[in-house]
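Participant: here you go, sequence then predicted model.
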Amino acid sequence: MHLPEQNGPRILALWSAPRCRSTAFMRMMAERGDFLVVHEPFSHLADFGVAEAGPLRAHSEAELIAALRELSEQRPVFFKDTTDFHYPGLLADSAFLAEATHTFIIRHPREAIASHFALNPSLGRDEIGFARLAEIYDAVEATGREPVVVDSGLLMERPADTVAAYCAGVGIAYREEALSWQPGMREEWRRTQRWHESTSRTDGFHKEASPYGTTPDNDETLAEYLRFHLPFYEKLLSRRMTLHP
């Protein structure tokens with residue numbers, strides 16, 4: 001088993017608006033083998049009233065944060081989560097915002113909205129999540145940390161360079177072998193399985209053509225959603241990691 005470098009993070013978080021390829025990134029982190037990987041604990045808590053973090057269960061954001069801290073005492077923890085929900089307990093816990101290493105992944109909201117709508121035709125504006133994602137970014141930045149932001153478009157185009165830059169940015173070793181994996185539905189995905197079908201069929205970072213019938217280009221409601229979220233996306237885009245040519 002690979003262990004993180006001595007000064008690497010004990011808790012490493014990846015925050016994402018829905019449909020921004022965060023599950024594929026999580027799959028890569030699981031392939032590394034050096035982190036306990038926790039799948040969407042905050043959103044499961046908001047959606048189902050209970051979250052599982054390894055062997056621990058939590059019924060509030062305070063309990064969940066305590067569970068992540070407890071787990072990290074035994075082994076470094078990586079969790080990824082999505083901002084289709086609002087997390088007031090997280091935003092209020094300045095100590096956790098400062099002590100964990102919070103990172104972010106983004107995708108152009110035109111693509112993310114079309115993908116989200118295809119799975120959830122009753123999609124509301126706020127659950128698209130870019131405004132909430134920027135809110136978490138601002139809260140982390142207010143602690144004096146400069147979060148790493150991954151552009152998922154670059155991740156698909158240049159996976160090795162992007163992952164290497166991410167690893168350098170958060171202080172962990174780069175593992176080239178983690179860029180490929182066996183396809184399959186992971187057990188922790190089954191509770192929300194339909195959201196992870198596309199990732200379950202992958203064996204690495206590959207950009208796939210996904211034509212959608214309804215998009216912000218042909219639907220006024222989705223166009224309005226895009227106009228609302230675009231400034232938040234553009235703010236985070238301006239903070240994304242830069243890659244060497």
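Facilitator: Alright, I've got the coordinates. Bear in mind the structure is a predicted one, so any value in this text is a computation, not a measurement.

Participant: what ranges do the helices span in the chain?
Facilitator: Residue ranges of the helices in the chain, as given by DSSP state H, are 22-32, 41-48, 61-72, 88-92, 94-99, 109-119, 130-141, 152-157, 159-170, 197-200, 220-237.

Participant: tell me what the fifth one is packed against?
Facilitator: For helix 94-99, the packing partners by 3 or more C-beta pairs under 8 Å, 6 or more residues apart in numbering; DSSP states H and E come out as helix 88-92, helix 130-141. Every C-beta, even on glycine, is put in place using the N, C-alpha and C of the backbone.

Participant: and if we set it to 10 Å?
Facilitator: Secondary-structure packing of helix 94-99 (3 or more C-beta pairs under 10 Å, 6 or more residues apart in numbering; DSSP states H and E): strand 11-16, helix 61-72, helix 88-92, helix 130-141.

Participant: reformat those as JSON lines; add mean neighbour count.
Facilitator: Compiled in JSON lines, the helices and strands packed on helix 94-99 are given as follows (neighbours: other C-beta atoms under 10 Å):
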{"stretch": "strand 11-16", "mean neighbour count": "25"}
{"stretch": "helix 61-72", "mean neighbour count": "19"}
{"stretch": "helix 88-92", "mean neighbour count": "15"}
{"stretch": "helix 130-141", "mean neighbour count": "20"}
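
Participant: export these to a markdown table and append columns for mean pLDDT and distance to R239.
Facilitator: Written out in a markdown table, the entries for the helices and strands packed on helix 94-99 read as follows (pLDDT from 0 to 100; distance: least, C-beta to C-beta, whole Å):
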| stretch | mean pLDDT | distance to R239 |
| --- | --- | --- |
| strand 11-16 | 98 | 13 |
| helix 61-72 | 98 | 24 |
| helix 88-92 | 98 | 19 |
| helix 130-141 | 98 | 8 |
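
Participant: understood, closing this out.
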